[in-house]
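Asks: next comes the sequence, and after it the predicted model I'd like to discuss.
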Amino acid sequence: NTIKFFDDDKFSKMKETAMFINIGRGVTTDERAVHKALKEGTIAYAALDVFEEEPLPSNSPLYDLENLFFSPHSGDLYEGYWLDGARVMVENLEAFLEGEELITPVNKSQGY
């Protein structure tokens, strides 16, 4: 289970100079725990591109932290992102229509 995987215990094992970065899934990080770790100096910085609830509520205490960098759920963008995505979609469609295995299959038993 990866829900709230990054919790008080995980942050307590990091160096005080650590920078925690989450560009994956918001639910993997316990926002209360990252807030506490940043506020108490358990870790030095964090950069979050994803959140438990999106958009992040305007009353979130995370906004009060000066050692937290926010990005608007765009951490995976790179030059060619949209073209690469279109290529994968076309390749998957062609494989599906030909009865072949998709290049990015979904494994529901593993949750993705």
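Replies: That came through fine. Numbers count the residues shown, from 1 in each chain.
Asks: where along this structure do the helices fall?
Replies: Taking DSSP state H, the helices of the chain run over residues 8-12, 31-40, 81-97.
Asks: out of those, which one sits most buried?
Replies: Highest mean neighbour count among the helices of the chain (mean count of other C-beta atoms under 10 Å): helix 31-40, with a mean of 18. Yep, even glycine has a C-beta here, placed from its N, CA and C like the rest.
Asks: tell me the centre residue of this protein?
Replies: Per C-alpha atoms, centre = their mean, the C-alpha nearest to the average position across the chain is that of Gly24, at 2.3 Å.
Asks: quick one: pLDDT of that residue?
Replies: The score at Gly24 is 88. That number is its pLDDT.
Asks: for it, give me phi and psi.
Replies: phi -90, psi -100 (degrees, to the nearest 10).
Asks: with just CA atoms, put stretch 44-52 into PDB.
Replies: The C-alpha coordinates for stretch 44-52 follow below in PDB (Å, rounded to 0.1, in the frame of the first residue of the first chain):
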ATOM      1  CA  ALA A  44      15.200  21.200   5.000                       C
ATOM      2  CA  TYR A  45      13.000  21.500   2.000                       C
ATOM      3  CA  ALA A  46      10.200  19.900   0.000                       C
ATOM      4  CA  ALA A  47       8.900  20.300  -3.600                       C
ATOM      5  CA  LEU A  48       5.400  19.100  -4.200                       C
ATOM      6  CA  ASP A  49       3.800  18.800  -7.700                       C
ATOM      7  CA  VAL A  50       0.900  16.700  -6.500                       C
ATOM      8  CA  PHE A  51      -1.300  16.700  -3.500                       C
ATOM      9  CA  GLU A  52      -3.800  14.500  -1.600                       C
END
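Asks: so how many other residues sit close to Val50?
Replies: The local packing of Val50 (other C-beta atoms under 10 Å) involves 18 other residues.
Asks: any low-confidence regions in this protein?
Replies: By pLDDT under 70, the weakly predicted segments of the chain are 110-112.
Asks: and if we set it to 90?
Replies: Along the chain, the model assigns pLDDT under 90 to residues 1, 24, 54-55, 71-78, 81, 104-112.
Asks: which parts of it are strands?
Replies: Taking DSSP state E, the strands of the chain run over residues 19-22, 45-48, 68-70.
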